[in-house]
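Colleague: Using only what follows, build the 3D model:
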Amino acid sequence: MTARIDHTVTAGTFSLDGETFDVDNNVWVVGDDNECIIIDAPHDVDAIVELVGGRTVKAIVCTHAHDDHIRFAPELAERVGAPILLNPDDAVLWELTHPDRAPDGELHDGDVVEIAGTRLEVLATPGHAPGAVCLWAPELGVVFTGDTLFNGGPGATGRSYSDRSTLEFSIRTKLFPLGDEVVVKTGHGDDTTIGAEKQGDWVD
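Modeller: Purely as a prediction, here's the structure:
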């Protein structure tokens with residue numbers, strides 16, 4: 001049996017470069033009735049633990065280290081007994097929020113996270129953040145993009161440690177080839193598809 005995807009939305013803030021904004025974040029849990037992984041750890045540990053239920057959490061996979069995605073990762077890791085995984089290229093952002101607590105493991109391009117018999121391939125997609133990653137689940141027909149690609153186009157690049165041209169290159173080379181029918185499950189907002197985002201105004 002392939003894994004299923006469970007979802008909740010949490011509300012909180014995002015802070016960087018001396019400014020703070022209200023944000024709603026998607027939380028994705030991928031697994032079966034027995035085990036799962038959690039993608040990102042924003043705002044509300046109780047809500048995430050409720051979504052997990054009684055399952056064994058194999059990992060907390062961070063798509064990137066902006067504080068709205070990792071602020072509660074250490075507390076969540078302690079609650080569910082799971083390691084925190086992050087691309088080390090995002091250490092500079094992680095340390096802004098957690099200077100005294102490092103992630104437990106690393107994510108690199110081409111790595112595979114396996115859960116409930118389903119493989120999720122790590123795609124390094126820098127641009128929104130230097131160590132941003134997406135998780136491609138071919139068996140589920142979905143890619144979890146964090147803040148790399150949204151319904152409506154690329155993620156934001158107006159803040160420290162981001163770069164628009166790098167982000168667009170990541171999307172073109174790593175996400176667009178996955179196929180037009182692939183469902184994009186984002187860090188904020190509604191789902192979209194690769195095909196829909198290929199029609200965006202920013203695409204040449």
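
Colleague: who's in contact with Gly179?
Modeller: Ile194 (C-beta atoms under 8 Å, 6 or more residues apart in numbering). Just so you know, the C-beta spots here come from the backbone N, C-alpha and C atoms, and that holds for glycine as well.

Colleague: Quick check: the gap between it and Val143.
Modeller: To Val143, Gly179 is 10 Å away according to C-beta to C-beta, to the nearest Å.

Colleague: try Lys174
Modeller: 9 Å.

Colleague: State whether Thr8 is indeed within a strand.
Modeller: Yes: counting by DSSP: H, G, I helix; E, B strand; the rest coil, Thr8 is part of a strand.

Colleague: Going along the chain, name the strands of the chain.
Modeller: 4-16, 19-31, 35-39, 56-61, 84-86, 105-106, 112-115, 118-124, 133-137, 142-146, 149-150, 153-154, 183-186, 192-193 (DSSP state E).

Colleague: next one: the fifth one to chain centre, how far?
Modeller: Going by C-alpha atoms, centre = their mean, to the nearest Å, the spacing between the C-alpha centre of strand 84-86 and its chain's C-alpha centre is 11 Å.

Colleague: For that strand, give me every contacting residue.
Modeller: Here strand 84-86 has contacts from 41, 59-62, 65, 70, 73-74, 77, 94, 103-107, 113, 131, using C-beta under 8 Å, 6+ apart.
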